[in-house]
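Novice: Quick one: sequence and predicted model below, then my questions.
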Amino acid sequence: MVRVHAGQPISARDARGATPLPESFMSHLPKDWRFLRAGWVYALILTGREDAATKMVEGALQGIIRRHDVVSVKRRRRLFFAMLFREGRNLPCVGEGAGEPVCGLRFFHELAEPGRSALSLLYLRLFSVDELADVLGKSEKELPDILAGARGALSGKWPAAV
């Protein structure tokens, strides 16, 4: 199950909560590309739908592959997540369109940007503070306020029984 409790990391598990993603999920990837698994979870939070998340990841991956100026793993990972952020930040909540967001991610999916991405990427533990600010196009000084706002909004949506 995807853990979305404020202050806890998000694990790359089956978002329906039924069974965890197998450890082999994307494990065939070279070490330098294993961030794609977390990228798909992040895209799922942004889109609220598995098919849309897969399309978003494929598009960002195609964008990275076409670029010849991205040689370091660190830069590739940052650029990949920045591409996902730029594409997903203006997407409407699934509840506003067809269908319901994937169970367990609804509250994250409904958060406003850039708080949704800041909190999600923080919990995925892929970036340092300066890298996270770079991905979001914000300054390091803005991050505490963005994160506090997102945490407050999330705690207001999360049912007390969970």
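Specialist: Yes, it's here.

Novice: rest of the way, CA atoms for contacts and neighbours
Specialist: Will do.

Novice: which non-adjacent residue is nearest the most centrally placed residue in the chain?
Specialist: When Cα atoms, centre = their mean is applied to the chain, the residue found nearest the centroid is residue 42 (2.0 Å). Excluding the flanking residues, the one nearest residue 42 by Cα to Cα, 6 or more residues apart in numbering is residue 120, at 6.8 Å.

Novice: which stretch of helix or strand covers that neighbour?
Specialist: Taking DSSP states H and E as the criterion, residue 120 maps to helix 115-124.

Novice: From residue 28, how far out is the nearest residue to residue 109 once chain neighbours are set aside?
Specialist: Ranked by Cα to Cα, 6+ apart and with sequence neighbours excluded, the top spatial neighbour of residue 109 is residue 45, at 5.1 Å. As judged by Cα to Cα, to the nearest Å, residue 45 and residue 28 stand 24 Å apart.

Novice: what's the answer for residue 145, then?
Specialist: 38 Å.

Novice: still on that earlier bit, please say which of residue 45 and residue 28 ends up with more neighbours.
Specialist: residue 45 (27 against 9; other Cα atoms under 10 Å).

Novice: Can you classify that one by secondary structure?
Specialist: helix (DSSP: H, G, I helix; E, B strand; the rest coil).

Novice: Next, count neighbours for the residue nearest to residue 42.
Specialist: 23.

Novice: Let the chain start at 403 from now.
Specialist: With 403 as the first residue, the last one maps to residue 522.

Novice: Can you check the pLDDT for residue 421?
Specialist: What the model reports as pLDDT for residue 421 is 34.

Novice: Helices along this protein, start to end?
Specialist: With DSSP state H applied, the chain shows helices at 437-449, 452-468, 475-490, 508-511, 517-526, 531-538, 545-559, listed in chain order.

Novice: Tell me the buried residues in the last one?
Specialist: Along helix 545-559, these residues count as buried under the neighbour rule (16 or more other Cα atoms under 10 Å): 545, 548-549, 551-553, 555-556.

Novice: How about stretch 529-544?
Specialist: 529, 531, 533-538.

Novice: Can you name the residues in contact with that stretch?
Specialist: Contact with stretch 529-544 is made by 480-481, 483-484, 487, 516, 519-520, 523-524, 545, as judged by Cα atoms under 8 Å, 6 or more residues apart in numbering.
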